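In: Next comes the sequence, and after it the predicted model I'd like to discuss.
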Amino acid sequence: MSSQFLNLIKKRRTIYAIGKNVKQSPEELTELIENAVEISPSAFNSQTSRAVILFGKEHQHYWDIVKEVLKPFAASEDAAQKTNAKIDSFAAGFGTVLFFEDQDVVENLQNQFPLYADNFPVWSEHSTGIAQFSVWTALAEQGLGASLQHYNPLVDEKVHTKWKVPTSWKLRAQLVFGSIEAPAGEKEFMDRDHRFKVFK
């Protein structure tokens, strides 16, 4: 059975070799990203997901922050150079989406529905995962490559200060995207018998 949707999901891959050769404008991509986050489902329609979208020098500044924060953790000069090269490969992209979850919303729901209080932080993580997947897939459909990174919580304080992000927004992931300069390699899948059980 063929599926256009499954084919689109297959197109969404982790692409590390990205560049700035993008035909879409920042305005077009902003609209795409905002739409993808907005229509992503969330528990109780809580809409906890938030995003900061960075282009140009703002995108570069984020990866400069990452480089600065990671510097003290380098065990050697060689390790520092390898880390810098990795961060530079992300900075070579066209933009970055910083994904957050609004903890004020989570806490309000916990207060409103105490029976489910323990579940709302978990459902919030579900929401951000779906939002990240939606944006990533939407970018892939436009022919753009991306990779999901996690430099939180090391960068949190500087991010909140630089872009005046509300303190209730908790940084969960960073999706860097751009033109595909080299394709992803072949992806291997484990035997389905180890992953699925079907009862009829």
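Out: Ah, there it is. Numbers count the residues shown, from 1 in each chain.

In: Now do the same contact list for the spatially most central residue of the chain.
Out: Nearest to the mean C-alpha position of the chain, by Cα atoms, centre = their mean, lies Leu175 at 3.5 Å. Leu175 makes contacts with Thr96, Val97, Phe99, Gln132, Val135, Trp136, Leu139, Ala146, Ser147, Leu148, Gln149, as judged by Cβ atoms under 8 Å, 6 or more residues apart in numbering. (Glycine included, C-beta is placed from N, CA and C.)

In: and it, which of the three is it?
Out: Of the three states, Leu175 takes strand according to DSSP: H, G, I helix; E, B strand; the rest coil.

In: Need the mean per-residue confidence for stretch 48-63.
Out: What stretch 48-63 shows for mean pLDDT is 98.

In: swap that for stretch 139-149, sorry
Out: 98.

In: now do stretch 73-83
Out: So the average pLDDT for stretch 73-83 ends up being 91.

In: Contact partners for Lys20?
Out: Ala92, Gly93, Phe94, Gly178, Ser179.

In: Check whether the first one really touches Ser179, as I assumed.
Out: No - in this structure Ala92 lies outside contact range of Ser179 using Cβ atoms under 8 Å: 9.7 Å.

In: Common neighbours of these two, please.
Out: By Cβ under 8 Å, 6+ apart, the residues touching both Ala92 and Ser179 are Ile18, Gly19, Lys20.

In: quick one: which of those is nearest to Ala79?
Out: Ile18 (23.3 Å; Cβ to Cβ).

In: any idea how far the closest residue to that closest one other than its chain neighbours lies from Thr128?
Out: Counting by Cβ to Cβ, 6 or more residues apart in numbering, Gly178 is the residue found nearest to Ile18 once chain neighbours are left out, at 3.5 Å. Distance, Gly178 to Thr128, by Cβ to Cβ, to the nearest Å: 22 Å.
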